[in-house]
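In: turn this into a model:
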Amino acid sequence: MYAKRSLSMTALAAIFVCGFAKDSRTFAVNHFYGNGALSMGRMDPIMNPGTPSTHSHAIQGGSNFNLTMTDDALLYSNCTSSLVDADKSNYWTPSLYFQHSNGSFLSVPMFYMNVYYFFEPTDDEIKPFPLGLRMFIGNASLRTPPQDAANVLDTNQGPIQPVQWTCPRTSYNIPSYPPDSDGMHGVGIQDPNNAGAGAGFPHMNCDGYASPLRADIHFPSCYNPEAGIQAHETNMVFPSSKGTTGGKANCPPGWIHVPHIFYEVYWNTPLFEGMWTEGTGSQPFILSNGDRTGYSLHGDFISGWDEEVLQKIIDNCNTGDLGMDKCSDAGFLNDASTTCNIQNLVPEKIDGVLKKLPGNNPPTGWGQEVEETGKQRVKRHFRGHVHGRHV
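Out: Now for the predicted structure:
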């Protein structure tokens, strides 16, 4: 009798899982509109709530973005820079600067941003982000290369490597990184599977059509409801393919499988062509936190989705690169000829020509230790170089 009952429960569990099983990836790209980013400035309600953040960011999404935010704050946004009006979420990443040979810094305009919503193969049910969910990915203190220059997004395949730089080129035959780079002397390391991408900054001019230097940031898609929406350090992990078949990856028991989001942030680096010499094993771009290496690339997210609309998109939308705004279930769309912007909430100069980076972050290079606290502290223990100069 007991054996029969066990078999029945097993069969029932299998039927339950199959009801949620997803055998192939579907996706839709969330496009933004308007005059540049929603805002730019030293604002980060996740890492530095209530105070100016240590470095400046480019921010997209809902207009109720602020230095301090309640869990439902984004629902009260007057507008959003997302074409899909049901998405009042905020997406942000460090801004980029060009370091001139005279020591000054020139702001690099954000060309545009895409956010891919991937709905991956899994035995789990994919659910919307809970309202107010906070996510952070990357390491703002990192100045050394990761173990693998290629993306690793499955905990069953090694240490997670969620960020890269991609350098689209008019010629696809020339690597964007020196093939012998160890990632510790002025430039990053090449992805073994893609000559145009890697960890850390490339040393070539990224001149692809409508595709300059691009920051690539992958977020985890397993949410732990016991940790809660505000516990950005512990509430998310990447799914694992361990014990699965057919290319599926699942979340730990009791966790919620949410969409896998991926930022593409394009920076208008061709504006600086002719101001530096490419292909020399060094490069002039620097993140707003003072990072010359590019290894500290990171991203933040707070969900402001209408969860009912997002669930319909998860279940029914597969418009790919055409855009989420082409989904029949996306709801009201914003007018792309208009704009949604808010002022920088920290009154200071962050663009144009600057003597110092916003927040007075010192330039830091390869192998240096950096503490990302209220004020950056730097320990020098490795001599790298940039623009052919030792630092």
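
In: now residue 342: which helix or strand?
Out: Counting by DSSP states H and E, no helix or strand carries residue 342.

In: centre-most residue in the chain?
Out: Taking CA atoms, centre = their mean as the criterion, residue 217 is the residue nearest the geometric centre of the chain, at 3.1 Å.

In: which residues touch that residue?
Out: By CB atoms under 8 Å, 6 or more residues apart in numbering, residue 217 lies in contact with 93, 137-138, 162-163, 262-263, 265, 297-299. Every C-beta, even on glycine, is put in place using the N, C-alpha and C of the backbone.

In: could you give the number of residues near the residue lying closest to residue 154 once chain neighbours are set aside?
Out: Leaving aside its sequence neighbours, residue 154 sits nearest to residue 241 (CB to CB, 6 or more residues apart in numbering; 5.3 Å). Here the number of neighbours of residue 241 (other CB atoms under 10 Å) works out to 17.

In: surely residue 241 is in contact with residue 251?
Out: No. Between residue 241 and residue 251 there is no contact under CB atoms under 8 Å: 11.6 Å.

In: how much space between residue 72 and residue 85?
Out: Distance, residue 72 to residue 85, using CB to CB, to the nearest Å: 17 Å.

In: so which of those two has more stuff around it?
Out: Neighbour count, other CB under 10 Å: between residue 72 and residue 85, residue 85 has more, with 17 against 11.

In: which non-adjacent residue is nearest residue 83?
Out: Here the residue nearest residue 83, using CB to CB, 6+ apart, is residue 325, at 4.3 Å.

In: helix/strand/coil for the one you found?
Out: Secondary structure state of residue 325, per DSSP: H, G, I helix; E, B strand; the rest coil, is helix.

In: what residues of whichever strand or helix holds the residue nearest to the centre of the chain count as buried?
Out: Take DSSP H and E as the rule and residue 217 turns out to sit in strand 214-218. By neighbour count with 16 or more other CB atoms under 10 Å, strand 214-218 contains the buried residues 214-218.

In: ok, that strand: who's next to it in the sheet?
Out: Strand pairing for strand 214-218, using DSSP bridges, gives strand 163-166 (antiparallel), strand 260-267 (antiparallel).

In: now the first one: mean pLDDT?
Out: Along strand 163-166, the predicted local confidence has a mean pLDDT of 98.

In: where do the helices sit along the chain?
Out: 2-20, 307-316 (DSSP state H).

In: hey, least reliable of those helices by pLDDT?
Out: For the helices of the chain, where the average pLDDT is lowest is helix 2-20, sitting at a mean of 42.

In: point out where this protein drops to low pLDDT.
Out: Across the chain, the ranges flagged by pLDDT under 70 are 1-20, 172-173, 372-391.

In: so who does residue 194 touch?
Out: Contacts of residue 194 (CB under 8 Å, 6+ apart): 150, 166.

In: so what's it bridging to?
Out: Beta-bridge partners, per DSSP bridges, of residue 194: residue 191.

In: how far away is it from residue 161?
Out: 13 Å.

In: next, count neighbours for residue 318.
Out: 13.

In: pretty sure it is touching residue 24, no?
Out: No. Look at residue 318 against residue 24 with CB under 8 Å: they stay out of range, at 9.4 Å.

In: got any residues that touch both of the two?
Out: Counting by CB under 8 Å, 6+ apart, residue 318 and residue 24 have no common neighbour.

In: residue 127 contacts residue 257, doesn't it?
Out: Yes. Here residue 127 reaches residue 257: they are 6.6 Å apart, a contact under CB under 8 Å.

In: OK, contacts around residue 352?
Out: Taking CB under 8 Å, 6+ apart, one finds 106-107 in contact with residue 352.

In: kindly report the same for residue 224.
Out: 231, 234-237, 252, 254-256.
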